[in-house]
Each structure stands twice: as structure tokens, then as C-alpha cells.
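Chemist: predicted model, plus sequence, below.
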Amino acid sequence: MRILAIDPGYDRLGIAVIEGDPSRPTLVWSDCVEPPKGETAERLAVVLRAVGDAIAAYAPDALAIETLFFSKNTKTALKVAEARGAILATAGAASLPVVECSPQEVKLAVTGYGSADKKAIELMVPKLIKLPQKKRRDDELDAIAIGIAALASAPLRH
């Protein structure tokens, strides 16, 4: 099973390709996409292209994406929702099944604790999957964690 995992964002998009099974996930590729500041349509076009390019390059079996959680900053939540829409539309156009993982599901799958903090994710991801040496932003690590959680997802196993 090959998963294109995405930590959706408007300012930064974590993206990773994970394959294997829950007991032995392998990182194929990961990156953090940072759309240039500017008009919303242009930024969303960068998100759409990044996801489309990853689908074309890595031929995933499914797309995994983190569900939107509502924060106090409604403006930011709306921008992230727009990015999620572009991502989901790209998956739909490619006929990719979508697995949505809540932040708590990802934290539970990676750390064993659904209320873990970002630092716990950052510490556990390299213990669960071999990561080539490179500096990664937290968005990229979050995408890898989403991929790990998606591999363990019951809907994908059927």
C-alpha cells in the first residue's frame, strides 16, 4: 500500500509518500511546500500543483489528509479549509480514495497517546520510520505521521 499523506495548510503544506504496512512503514519521499505570499487563488494553485505532481510521480493507492480542527483563529481555519478543498478536489480528479485522520488519531497512532504534543510526534516519527538525513519542518513530519496513521487505518486494510 502506498499513501500520499498531507498535512494541509495555507502557508505550508506537509506532504509525504509512505508505503508498506503498519508494522514496517517506509518513507518514499517527503517535502514541505511553501506557496509564495500573494493572492489566494495563486496560493491554492501551488497547493493543487504540488499534490497533482506527487500523484503523477508516485502513483499512490490512497490519499491521507488530516481533518480540520477549529482553532480560535477563524480566518486561518478558513484558509486551511480552502487548501483542503483544493487537495480533496485533486484526489477526486485522480480517483484516489481519501482517508481522513483526526489530529487525535494521528497522535494515538504515532505516540500511543491521543493528546500528545508536537514534540512527542517529532521524537516518535524517526523511531517508527527510517528518515534520510535532512532538515524537516514540523509540517513535513506531521505529513509523515499522517501517513503512518493512515497505514494503520481499518478502511485501507479492506
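Modeler: Sure thing, it's come through.

Chemist: show the average pLDDT along stretch 15-33.
Modeler: For stretch 15-33, the mean pLDDT works out to 94.

Chemist: for it, the distance to its chain's centre please.
Modeler: On the basis of C-alpha atoms, centre = their mean, to the nearest Å, stretch 15-33 sits 10 Å off its chain's mean C-alpha point.

Chemist: of all the residues in that stretch, which ones are buried?
Modeler: Across stretch 15-33, burial judged by 16 or more other C-beta atoms under 10 Å covers 15-20, 22, 25, 27-28, 30-33. The way it works is simple: take the backbone N, C-alpha and C, and place the C-beta from them, glycine included.

Chemist: taking these together, which two end up most distant?
Modeler: 22 and 33 (26.4 Å; C-beta to C-beta).

Chemist: phi and psi next, for the residue nearest to residue 129 when sequence neighbours are not counted.
Modeler: Counting by C-beta to C-beta, 6 or more residues apart in numbering, the nearest residue to residue 129 once its immediate chain neighbours are dropped is residue 25, at 4.9 Å. With angles defined as degrees, to the nearest 10, residue 25 sits at phi -70, psi 150.

Chemist: next one: residue 120
Modeler: According to degrees, to the nearest 10, residue 120 has phi -60, psi -40.

Chemist: that one: neighbour count?
Modeler: For residue 120, the tally of surrounding residues (other C-beta atoms under 10 Å) stands at 15.

Chemist: chain neighbours aside, what residue packs nearest to it?
Modeler: Spatial nearest neighbour of residue 120, excluding adjacent residues (C-beta to C-beta, 6+ apart): residue 111 at 4.7 Å.

Chemist: next, the contact list for the one you found, please.
Modeler: Residues near residue 111 by C-beta atoms under 8 Å, 6 or more residues apart in numbering: 120-121, 124.

Chemist: out of the buried residues of stretch 15-33, flag the one nearest to residue 130.
Modeler: Among the buried residues of stretch 15-33, and counting by C-beta to C-beta, the member closest to residue 130 is residue 27, at 6.8 Å.

Chemist: ok, that closest one touching residue 143?
Modeler: No. If you go by C-beta atoms under 8 Å, residue 27 and residue 143 don't touch, sitting 10.2 Å apart.

Chemist: which neighbours do those two share?
Modeler: In contact with both residue 27 and residue 143: residue 16, using C-beta under 8 Å, 6+ apart.
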